[in-house]
Each structure stands twice: as C-alpha cells, then as structure tokens.
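Asker: Build me a model:
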Amino acid sequence: MNAHKNIKPDNHVRVGILAERNENGEVSICERWARPFEKAGMNVEYIPVGAENIDEILDRIHGLLLPGGDSNINPYFYDPGQLNDHLSIAQQRDIARDRTAIALAQKAYALNIPTLGICRGMQEMLVAFGGALETLNTQINHAQGYNAVLADGTRCFETMDRPVHEIEIVPGGLLDSIYDKKNFFVNSIHMQGITHEFWQHDRNKDLREVFRVEAYAPDGVIEAISTHREHEKRFFVGLQAHFELPGALHISIFTPFRREIRDYAANKS
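Answerer: Numbers count the residues shown, from 1 in each chain. Coordinates of the predicted model:
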C-alpha cells in the first residue's frame, strides 16, 4: 500500500496484521484494517494464515492486530470432541486461521506485544486462553449487521457501521479511562461470543484469570475485554464491535493502542 502524504513515518515501527488466504492461497484482506496504522505513518506487515515463522515475525513487529473474519472459530479448539473429519476447503482454511491466531495471541501475550483483537479476533483471544464460545441466542440479534459486499474474497464492512445495540462500559477499566460516555451504540456483526452467565461458568475459570470484562451488551453478551492490571501487560484488548471503521469512538481506542506500539518499539530499539 502507498504511504499517506503529509505524515511523518515511524519507519522503525511495524504492526503485524493477521491476513486470511483466498481459494488460491493468496493473502486476502480488506485495506481498512491497515488504515489506522498507515495514516499514522507506521509500517504494516501482513501475517498470512499458516505462517510457519511466527517467532521471527513477532521478533520484528511492535504491535499485533487480530482482525475480524468471514467464519466462526471451529469448536474443536474449545471442545476437541466436536472436530469433523470431513471438512470443506473453506473449513480447512478456517482451522488454519484458528491455529495461527491462537499461536499469535499466546506468544504476543508472553512477549508483552501490544495486541488488539476485533470481532473474530477477540474471540480468538478468548479461546487462546482457555475460553469456550457460545452461539448467541439472546434477545439481541448480534449478527444483524452481517449484510456486506464481498471484495477480493473478504467481506468489507465499509457501510456496515450502523448502531445495532448499546454497550455499557464497566467502571474502573481501560475503556472507562478512555471514554467519557459510559453507554453508547455500536455496530454488531457476529454470531458467537460469551454471555456474562457463561463467563462465570467453571468452564471459563482460566479465562477469568487472564481477562477482565470491559463492556457488556444489554443482554449480557461481553463486548470488550482486557488483561487484569496486575498482569502488567502493555495493551492486550479485545473488542466485539468493528472499531476499525472510521468514527470518533473508534479513534479513541486506536490512539492508546498506537501509543503503546510506539513505546514498545522505542524500548526495543
């Protein structure tokens, strides 16, 4: 992609973005995922699903984005008994993404690399640390924004940033320190997640030891997570809504994310 004009580039700052592959095995991802970083003068490196050199990649990046995707996480990764041996080509690619994303999340956490997961990316973070997901069946249709146009093999939600439901920010957390508003509307384009009731289940005990809840939807679906402060992680955040789309509320979360990325790069150099 071309560098944006009138921006002084942070030539040494590099952000890794997980990128899916199309049916030809080529990297396929909507450009909107890179914009928040390229507009700030940062370099972007796409990490292809199935990459075998993850350790090398993580050694040269200073921030990680796990973006949304066109599929749900295969239940095998939180309930191994559910793996189906007869997989379509698309499902095989999905499993490859699951494996890559889970490995990236775990290793980035261990290395204290600033990380943001959005939609499927947040769900990958949950599963990476022992969480199990639910197919949502609540009074809110969390998938009602799923009406997108296919572009280069991926769904690009450029026109899908419309309010679907409200979220409430939990006091005392990261989002509480970022936003003046404690309730606001967000888009919603997902079918899986975790409700508050399931979050409290013994099945998700390990997950609760890593993450705190940052925001809820009115039906109890968890809309945002971050690591507990005592873990002393730079920035390890998951958001269910598509905050990468342009908007004032979205800018508010990317500003501290980019700041942590720059700090990580400065301390590493």
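
Asker: All the helices of the stretch 1-150 of the chain, in order from the start?
Answerer: 35-38, 54-60, 89-111, 120-128 (DSSP state H, counting those that start in this stretch).

Asker: wait, the stretch 151-269 of the chain
Answerer: Using DSSP H, counting those that start in this stretch, helices in the stretch 151-269 of the chain cover 174-178, 196-199, 205-210, 248-268.

Asker: Next, the buried residues of the longest one.
Answerer: Pointing back at helix 248-268 there. Neighbour counts over helix 248-268 (16 or more other C-beta atoms under 10 Å) mark 249-250, 253-254, 256-258, 260-262, 264-265 as buried. Placement of C-beta: from N, CA and C, glycine included.

Asker: Pro256 is in contact with Asp263, correct?
Answerer: No. Counting by C-beta atoms under 8 Å, no contact exists between Asp263 and Pro256, whose distance comes to 10.3 Å.

Asker: which regions of the stretch 1-150 of the chain sit below the pLDDT cut-off?
Answerer: 1-11, 82-93, 138-150 (pLDDT under 70).

Asker: Tell me which stretches of it form strands.
Answerer: 10-21, 27-28, 42-48, 63-66, 115-118, 134-135, 149-151 (DSSP state E, counting those that start in this stretch).

Asker: returning to what we had before: ok, which of the helices of the stretch 151-269 of the chain comes nearest Asn112?
Answerer: helix 248-268 (7.6 Å; C-beta to C-beta).

Asker: How far does that closest one sit from its chain's centre?
Answerer: Using C-alpha atoms, centre = their mean, to the nearest Å, the mean C-alpha position of helix 248-268 is found 15 Å from that of the whole chain.

Asker: Can you check what angle separates that helix from strand 10-21?
Answerer: 120 degrees (axes from the mean of the first three to the mean of the last three C-alpha atoms, to 10 degrees).

Asker: for helix 248-268, packing partners?
Answerer: The contact analysis (3 or more C-beta pairs under 8 Å, 6 or more residues apart in numbering; DSSP states H and E) places helix 248-268 against strand 10-21, helix 35-38, strand 63-66, helix 174-178, strand 236-239.

Asker: Out of the ones you listed, which gets nearest to Ala215?
Answerer: Comparing those under C-beta to C-beta, the one sitting nearest is helix 174-178, at 5.9 Å.

Asker: buried sites along that closest one?
Answerer: Buried residues in helix 174-178 (16+ other C-beta under 10 Å): 174-175.
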